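# okay, predicted coordinates and the sequence, questions at the end:
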Amino acid sequence: MAYFSAPELVGRTILITGGARGIGLEMARAAIGAKMRVALIDILEVELNAAIKELKAAGGDANGYVLDLTIEADVIKTIAQIEKDLGKIEVLVNNAMFHDPKNLLETSLDVWNKTLAINLTAPFLCIRQVLPGMIKNNFGSIINISTVNSKTMVGSDSYSASKGGLNTLTRTVAVRYGKNGIRCNTVLPGTVVTEPWKERIERNPNVFNDLEPWYPLHRVGQPADIAAAVLFLASDQSSWMTGSEFLVDGGLLAGLAPMYPVVEGSD
Ligand SMILES: NC(=O)c1ccc[n+]([C@@H]2O[C@H](COP(=O)([O-])OP(=O)(O)OC[C@H]3O[C@@H](n4cnc5c(N)ncnc54)[C@H](O)[C@@H]3O)[C@@H](O)[C@H]2O)c1
């Protein structure tokens with residue numbers, strides 16, 4: 001996809017968690033295209049190194065930081081290092097995630113706690129760490145990557161609950177720090193073709209085709225669909241958007257696409 005670019009994005013620093021692959025890496029590609037300075041955090045060292053190599057080969061200003069976001073002391077240390085390396089962080093994208101597909105009865109406390117630690121507590125830690133710099137600069141855009149699962153029940157019980165908390169955290173940050181020039185928005189993607197789907201594809205190779213009828217635009221999403229929305233939220237084009245839940249879901253939550261023809265008798 002050829003992404004839009006805006007002059008104010010040039011040189012603006014974006015920190016993306018979980019940026020070594022998938023949607024996070026595509027956000028980094030989009031940011032590099034817009035001439036932003038990119039910092040990526042991930043726990044996967046090999047993938048992170050490959051991502052940074054790719055971004056640098058494309059002429060990008062990219063730095064990678066290996067970090068387990070569940071360790072508070074390391075989050076504090078690493079974000080301080082990023083601020084030292086890059087000056088200020090103007091955009092933070094909380095994108096890293098852990099997903100477990102099990103239902104509640106099969107969910108262990110360890111899995112529940114790990115899910116909350118990566119999907120909700122880590123965004124809190126990262127936000128708390130970047131806020132003082134953003135407040136000082138009277139500028140910041142924080143983007144939390146949630147999911148349609150946080151709005152309607154489509155399984156993955158612990159994951160969905162954690163993302164519901166993330167939606168609430170967005171509103172808190174937006175309302176409390178709007179006066180400091182900080183915006184905070186949530187992006188809610190529908191199904192996006194990435195690595196975590198591998199297991200489900202193994203179980204059902206047609207899973208994306210089977211999901212298509214639920215999407216009014218009749219396709220599942222690609223990482224670029226989400227990266228484009230993130231670039232918009234990072235730019236001043238969205239300067240009057242805060243506290244929002246930005247649906248990027250091919251129309252999924254607009255209605256029950258397979259249902260209405262049955263109700264109408266028009267199927
Ligand atoms: N793919 C989808 O269908 C889909 C749908 C809705 C929402 N989302 C959201 O989009 C975002 C990106 O998802 P994706 O599909 O690209 O997933 P992904 O698994 O490819 O990427 C997530 C990244 O987070 C990193 N990560 C996990 N735990 C970490 C930790 N403790 N410390 C540091 N990094 C860690 C992983 O190593 C990985 O690189 C997630 O927030 C996800 O919830 C994805």
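Arrived safely.
# now do the SS call for P205.
At P205 the chain is in coil, as set by DSSP: H, G, I helix; E, B strand; the rest coil.
# residue ranges for the helices of this protein, please.
Using DSSP state H, the helices of the chain run over 22-33, 45-57, 72-86, 109-116, 122-137, 157-177, 198-203, 207-211, 223-234, 260-264.
# for the third one, what is the distance to the chain centroid?
I take that to be helix 72-86. Offset of helix 72-86 from its chain centre (CA atoms, centre = their mean, to the nearest Å): 20 Å.
# tell me what that helix is packed against?
If contacts are counted by 3 or more CB pairs under 8 Å, 6 or more residues apart in numbering; DSSP states H and E, helix 72-86 sits against strand 13-17, strand 37-42, strand 61-66, helix 122-137. C-betas here are computed from N, CA, C, even on glycine.
# so which of the helices of the chain is nearest the ligand?
Proximity to the ligand, assessed across the helices of the chain by CB to the nearest ligand atom, is greatest for helix 22-33 (2.4 Å).
# which stretch among the helices of the chain is buried most, on average?
Compared across these, helix 22-33 shows the largest average neighbour count, a mean of 26 (mean count of other CB atoms under 10 Å).
# contact partners of that one?
3, 5, 9, 14, 16-19, 38, 40, 42, 51, 55, 58-62, 93, 95-96, 145, 189, 192, 194-196, 223-224, 226-228, 230-231, 234 (CB atoms under 8 Å, 6 or more residues apart in numbering).
# near the ligand, which of those residues show up?
Residues shared between the contacts of helix 22-33 and the neighbourhood of the ligand are G18, D42, N95, A96, I145, P189, V192, T194, E195, P196 [CB under 6 Å from any ligand atom].
# in strands, which of these appear?
Members of these lying in strands (criterion: DSSP state E): D42, I145, P189.
# how about the spatially closest residue to the second one that is not a sequence neighbour, phi and psi?
This means I145. Using CB to CB, 6 or more residues apart in numbering and skipping residues adjacent in sequence, the residue nearest I145 is N95, 4.5 Å away. Dihedral angles of N95 (phi, psi; degrees, to the nearest 10) stand at phi -120, psi -20.
# doesn't I14 make contact with N95?
No: counting by CB atoms under 8 Å, N95 stays clear of I14, with 10.8 Å between them.
# residues of the stretch 101-250 of the chain that sit close to the ligand?
I118, I145, T147, P189, T191, V192, T194, E195, P196.
# circling back: output the helices and strands packed on helix 72-86 as TSV; include the columns distance to G251 and mean pLDDT.
Output for those, formatted as TSV (distance: least, CB to CB, whole Å; pLDDT from 0 to 100):
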stretch	distance to G251	mean pLDDT
strand 13-17	26	98
strand 37-42	31	98
strand 61-66	34	98
helix 122-137	27	98
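# just so I know, which of those lies nearest K163?
With distances scored as CB to CB, the stretch of the helices and strands packed on helix 72-86 nearest to K163 is helix 122-137 (10.1 Å).
# ok, and what's touching the closest one?
The contact list for helix 122-137 (CB under 8 Å, 6+ apart) reads 15, 17, 69-70, 72, 75-76, 79-80, 83, 88-90, 92, 94, 96, 140, 142, 144, 166, 169, 173, 177, 180-182, 184.
# got the angle for that helix vs strand 13-17?
170 degrees (axes from the mean of the first three to the mean of the last three CA atoms, to 10 degrees).
# only C-alpha atoms, please: export helix 122-137 in CSV.
Output of helix 122-137 as CSV, limited to C-alpha atoms (Å, rounded to 0.1, in the frame of the first residue of the first chain):
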residue,chain,number,x,y,z
ALA,A,122,2.4,-3.2,29.7
PRO,A,123,0.5,-0.4,27.9
PHE,A,124,0.0,1.2,31.4
LEU,A,125,3.7,0.9,32.1
CYS,A,126,4.7,2.3,28.7
ILE,A,127,2.2,5.1,28.9
ARG,A,128,3.3,6.0,32.4
GLN,A,129,6.9,6.1,31.2
VAL,A,130,6.4,8.3,28.1
LEU,A,131,3.9,10.7,29.7
PRO,A,132,6.3,13.0,31.6
GLY,A,133,8.2,13.7,28.4
MET,A,134,5.0,14.2,26.4
ILE,A,135,3.7,16.6,29.1
LYS,A,136,6.9,18.5,29.1
ASN,A,137,6.7,18.9,25.3
